[in-house]
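# After the sequence you'll find the predicted model.
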Amino acid sequence: MAINLSKIKFSSLDEVSVIISPKQTNSDNTKVTFYDLSGNRVTKIPSGKRDIAIRNKCYLGLKAYKNSEHWEPIDPNEVDKYLNDSDFKVAHSLSEDNKQPQKRTSEEKLEDEIQAKIEENRSFRKYGKRIFPALLILGIILISVDWTVTGWIILICDLIYLGTLWQSPTNYADVKNSILEEREERKQKQLEAKKQKEEFEANFVVKKEDKFNQTLSYQTYSRNYNHGSITISSPKVDGNTLWWMSAAISLVIKDNIEALSFNIVIDRMEDWIFLRQGQFQILIDGNPTNLDAVDIETKVGTREIAGDIKSSLKERVMYMFKKQLLEKIYTCKDLELRFTSGTGSITIESEEVKSFKELCDKFYEKVFINKSV
């Protein structure tokens, strides 16, 4: 569609100093940045003047008034014929003292984000004005020809789409408030994550003394979430995915005798896998170590899935080992893990192996090296 520039009141080149133009700076054309004729980035352009320049594909010039300066539209035909004139470009570009620094301020970043969001929402609403009535008409037609279910589904989806359009503001203040709220929400999540990490570090290993049994124990600790455990969300036995599995470490000392163990829990299963009948197989730099399972608990419970109550089976075992094994894991470069059971073997993926090594390393450092518990 041709742009009618005759309706715009342009300022002359003699009335302005710096001349700038908008440029799309991302692939989907939602972010617009302004540059002067020498390619220097210029920020803090009022939204109304930004819109004029973008919509009409014209330049803006900084015009001096009695007590202020304002950006005014400049006829692109007048500027384009001087773009090969280096003196003209320098005369209408930022001076050395006024050039924008490479590092942008937080206000500039916010301004860019606001303008990009406004453009994105405008584009979304533009297409929405076409899509919403089309779906509305289609839904009504389908209902009228006895395609009732399909018609109502389309109408409901269309109303949901209308709600999404309604929640996509193009007003500067509304967009700014929305972005600031999102930033605050992200900030709170980051603070919560930091708090959890600090709690994790502080409570990773808990020291307990039992005066009656004359024992001293160190164990990885779980409170709100698996602080000292690694959680393997989807281990597999013979191709069947398990619901949940965790691993933790404990050390019990009595009469100067140390008893170390890996404590493994598999929960939310529909069938027993008989973990107590298998081994924990650890391959450290190519050297195998096999630990036999010691049964601690088998339990039958229930859980709800999509409104259905199903049985939930739990197996808990431990694998006894010596301190030297932790030392080997701590210094190793390559580690592989596998659990065997009465029904097959459990595959442990590389990410979970990495988490397991971190668990062992942290426990070894806190209890045996730094003795910081």
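Sure thing, it's come through.

# can you give me the strands for the stretch 151-300 of the chain?
Taking DSSP state E, counting those that start in this stretch, the strands of the stretch 151-300 of the chain run over residues 205-210, 215-220, 230-232, 236-237, 240-241, 244-254, 257-269, 279-284, 287-305.

# what do you get for the stretch 1-150 of the chain?
Going by DSSP E, counting those that start in this stretch, the stretch 1-150 of the chain shows strands at 16-24, 32-36, 41-42, 59-64, 69-74.

# number of nearby residues for the spatially closest residue to Ala64 that is not a sequence neighbour?
Take Ala64 and drop its neighbours on the chain: the residue closest to it by Cβ to Cβ, 6 or more residues apart in numbering is Ser17, 7.2 Å away. For every residue, glycine as well, the C-beta is placed using N, CA and C. The tally of other residues near Ser17 (other Cβ atoms under 10 Å) stands at 16.

# My understanding was that Ser17 contacts Trp71; is that so?
No: using Cβ atoms under 8 Å, Ser17 makes no contact with Trp71, being 10.8 Å away.

# where do the contact lists of these two overlap?
Common contact partners of Ser17 and Trp71 (Cβ atoms under 8 Å, 6 or more residues apart in numbering): 61-63.

# out of the residues you listed, who's nearest Thr148?
Using Cβ to Cβ, Gly61 is the member of those that lies nearest Thr148, at 60.1 Å.

# For that closest one, list the residues it contacts.
Here Gly61 is in contact with 11, 13, 15-20, 71-74, 92 (Cβ under 8 Å, 6+ apart).

# Give me the number of neighbouring residues for Thr302.
The number of residues packed near Thr302 is 8, by other Cβ under 10 Å.

# right, I mislabeled it, should have said Val317
25.

# Tell me the secondary structure of it, please.
For Val317, the assignment made with DSSP: H, G, I helix; E, B strand; the rest coil gives strand.

# By mean pLDDT, flag the weakest helix or strand of this protein.
Within the chain, no helix or strand scores below strand 230-232, which has a mean of 65 by mean pLDDT, DSSP states H and E.

# Could you break the chain into its assigned domains?
8-103, 114-192, 204-369 (automatic domain parsing).

# would CSV of these with distance to Glu198 be doable?
Putting the domains of the chain into CSV (distance: least, Cβ to Cβ, whole Å) gives the following:
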stretch, distance to Glu198
domain 8-103, 30
domain 114-192, 11
domain 204-369, 11
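
# weakest of the strands of the stretch 151-300 of the chain by average pLDDT?
Lowest mean pLDDT of these: strand 230-232, a mean of 65.

# and of the strands of the stretch 1-150 of the chain, who's closest to Leu162?
Using Cβ to Cβ, the nearest of the strands of the stretch 1-150 of the chain to Leu162 is strand 32-36, at 27.2 Å.

# Distance to Asp87 and mean pLDDT added to the strands of the stretch 1-150 of the chain, as a markdown table?
Listed next are the strands of the stretch 1-150 of the chain as a markdown table, based on distance: least, Cβ to Cβ, whole Å; pLDDT from 0 to 100:
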| stretch | distance to Asp87 | mean pLDDT |
| --- | --- | --- |
| strand 16-24 | 14 | 90 |
| strand 32-36 | 14 | 88 |
| strand 41-42 | 20 | 88 |
| strand 59-64 | 17 | 92 |
| strand 69-74 | 18 | 92 |
